[in-house]
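Student: One predicted model, sequence on top.
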Amino acid sequence: MDVVILGIESSCDDTSAAVIRNGVLLSNVVASQAVHEAYGGVVPELASRAHQQNIVPVVHEALKRAGVRKEDLSAVAFTRGPGLMGSLLVGVSFAKGFARSLGIPLIDVNHLQAHVMAHFIKETPESTGQPQFPFLCLLVSGGNSQIILVKAYNKMEVIGQTIDDAAGEAIDKCSKVMGLGYPGGPVIDRLARQGNPKAFTFSKPSIAGYDYSFSGLKTSFLYSLRKWLEDDPDFIARHKEDLAASLEATIVDILMNKLSKAVKAYHIRQVAVAGGVSANTGLRNAFHEYAGKYGWQIYIPKFSYTTDNAAMVAITGYYKYLDKDFCPIDLPAYSRVSM
Ligand code: KG4
């Protein structure tokens, strides 16, 4: 019998629903919330309200595009956390009500595990190229920067993580003070392509083990910028490409440095990247460069599966379904937890 999973993602500011049949993606609908742009960051209360408006039409559209009736579903998988509590509650409550009304099992999914599992999304039954276990995954998003040792789909160990800001958060905050808008990632990426990555030097952390830190870089960036602006009020307008390129290069360097240390120590050459920041051109180029130089076998997901999406939730749900790893209806959402 076919296994048909509906995945629901609502942890931050994207409402998403996806349908996967026997491990193959049939639809992935994402409604992004433009309402936050005016505020330069996600406003939690506005995010929850937008999720409430979006959730029913997004699920409806995902089922329609998949050509699946709700009666055909085997289970509903939902992001339980971590994320914004108000946002999570919309998806969690919808999933519970929907599964209960259909009399089918519920599957809770960890958002970070789902980002890693994005590598197992198959667009056709013939799709190949998924990583083999064990592999290392660099998970970089607006809220997380982690190096994960992936031993199985349900056995993941965080071997290093940020002790303060996430990489995406640092990019977003530096972009905001430069007046480039929110989210900063795509703008910094575009500008960086036209700038000199060696034009400016910002401080790099010196942290033990495989942990990251980005708050020092952020402070160094803000401090330098303030000084330059005192001398020249047009400094940003005249140097934004070089500033973006130097900031991006510093972040990529910090990320790759620890990652390659882990690759050497764990003797694992299969290296994946996941999360919103993996869309970054500089980071993607660095992965290709390391693959060529050090023989890494790299896995870079399609752009649409790097930012928040329900396809990654549905594929995680699919593997949990095969293991009959269901959850009770009274399971609460959680805002914080690693893995
Ligand atoms: O995984 P994600 O969609 O969810 C959150 O953690 O919220 O990641 C969003 C992050 C933001 O910080 C955004 O600026 C960053 O990913 N991002 C990028 C790029 N596209 C998105 N960072 C660098 N370069 C990009 N092209």
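Tutor: On my side now, so go ahead.
Student: most remote residue from this structure's center?
Tutor: Ranking residues of the chain by C-alpha distance from their mean position (Cα atoms, centre = their mean) puts residue 231 at the top, at 38.4 Å.
Student: Contacts only, for residue 207.
Tutor: When the contact criterion is Cβ atoms under 8 Å, 6 or more residues apart in numbering, the partners of residue 207 are 163, 213. Where C-beta positions appear, they are placed from N, C-alpha and C, glycine not excepted.
Student: try 6 Å this time
Tutor: residue 213 (Cβ atoms under 6 Å, 6 or more residues apart in numbering).
Student: Dihedrals phi and psi, residue 270?
Tutor: Its backbone dihedrals place residue 270 at phi -90, psi 120, with angles given as degrees, to the nearest 10.
Student: actually residue 197, not the one I typed
Tutor: On the backbone of residue 197 - angles per degrees, to the nearest 10 - the values are phi -70, psi -10.
Student: That one touches residue 251, doesn't it?
Tutor: No - look at residue 197 against residue 251 with Cβ atoms under 6 Å: they stay out of range, at 10.8 Å.
Student: what about these two, which has more around it?
Tutor: Neighbour totals were compared for residue 197 and residue 251, and residue 251 leads with 27 against 17 (other Cβ atoms under 10 Å).
Student: Ends of stretch 68-85, what's the gap?
Tutor: Distance between the two ends of stretch 68-85: 30 Å, counting by Cα to Cα, to the nearest Å.
Student: next one: it to chain centre, how far?
Tutor: On the basis of Cα atoms, centre = their mean, to the nearest Å, stretch 68-85 is displaced by 18 Å from the centre of the chain it belongs to.
Student: Can you tell me what sits against it?
Tutor: Stretch 68-85 is touched from outside by 3-9, 11-12, 19, 44, 88, 91-92, 95, 98-99, 104-109, 111, 313-314, 317, 321, 333-337, with contacts defined as Cβ under 6 Å, 6+ apart.
Student: Tell me the buried residues within those.
Tutor: Burial by neighbour count, 16 or more other Cβ atoms under 10 Å: within these this picks out 4-9, 11-12, 19, 44, 88, 91-92, 95, 98-99, 104-109, 111, 313-314, 317, 321, 333-334.
Student: Next step: the residues you listed restricted to helices.
Tutor: Where the buried ones among the contacts of stretch 68-85 overlap with helices, as defined by DSSP state H, the overlap consists of 44, 88, 91-92, 95, 98-99, 111, 313-314, 317, 321.
Student: Make a markdown table from those residues and add pLDDT to it.
Tutor: Shown next, in a markdown table, are these (pLDDT from 0 to 100):
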| residue | pLDDT |
| --- | --- |
| 44 | 91 |
| 88 | 98 |
| 91 | 98 |
| 92 | 98 |
| 95 | 98 |
| 98 | 98 |
| 99 | 98 |
| 111 | 95 |
| 313 | 98 |
| 314 | 98 |
| 317 | 98 |
| 321 | 98 |
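Student: any chance of the residues you listed in JSON lines, with distance to residue 209 too?
Tutor: Rendered in JSON lines, the data for these read as follows (distance: Cβ to Cβ, whole Å):
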{"residue": "44", "distance to residue 209": "32"}
{"residue": "88", "distance to residue 209": "31"}
{"residue": "91", "distance to residue 209": "34"}
{"residue": "92", "distance to residue 209": "34"}
{"residue": "95", "distance to residue 209": "37"}
{"residue": "98", "distance to residue 209": "43"}
{"residue": "99", "distance to residue 209": "41"}
{"residue": "111", "distance to residue 209": "24"}
{"residue": "313", "distance to residue 209": "30"}
{"residue": "314", "distance to residue 209": "34"}
{"residue": "317", "distance to residue 209": "33"}
{"residue": "321", "distance to residue 209": "36"}
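Student: ok, so of the residues you listed, who is nearest residue 210?
Tutor: Using Cβ to Cβ, residue 111 comes nearest to residue 210 of those, at 21.1 Å.
Student: hang on, the closest one packs against residue 11?
Tutor: Yes - Residue 111 is within contact range of residue 11, at 5.0 Å (criterion: Cβ under 6 Å).
Student: Surely residue 150 is in a strand?
Tutor: Yes - counting by DSSP: H, G, I helix; E, B strand; the rest coil, residue 150 is part of a strand.
Student: Tell me the confidence at it?
Tutor: Model confidence at residue 150, given as pLDDT, is 98.
Student: Quick one: residues contacting it.
Tutor: Taking Cβ under 6 Å, 6+ apart as the definition, contacts of residue 150 comprise 116, 135, 137, 156.
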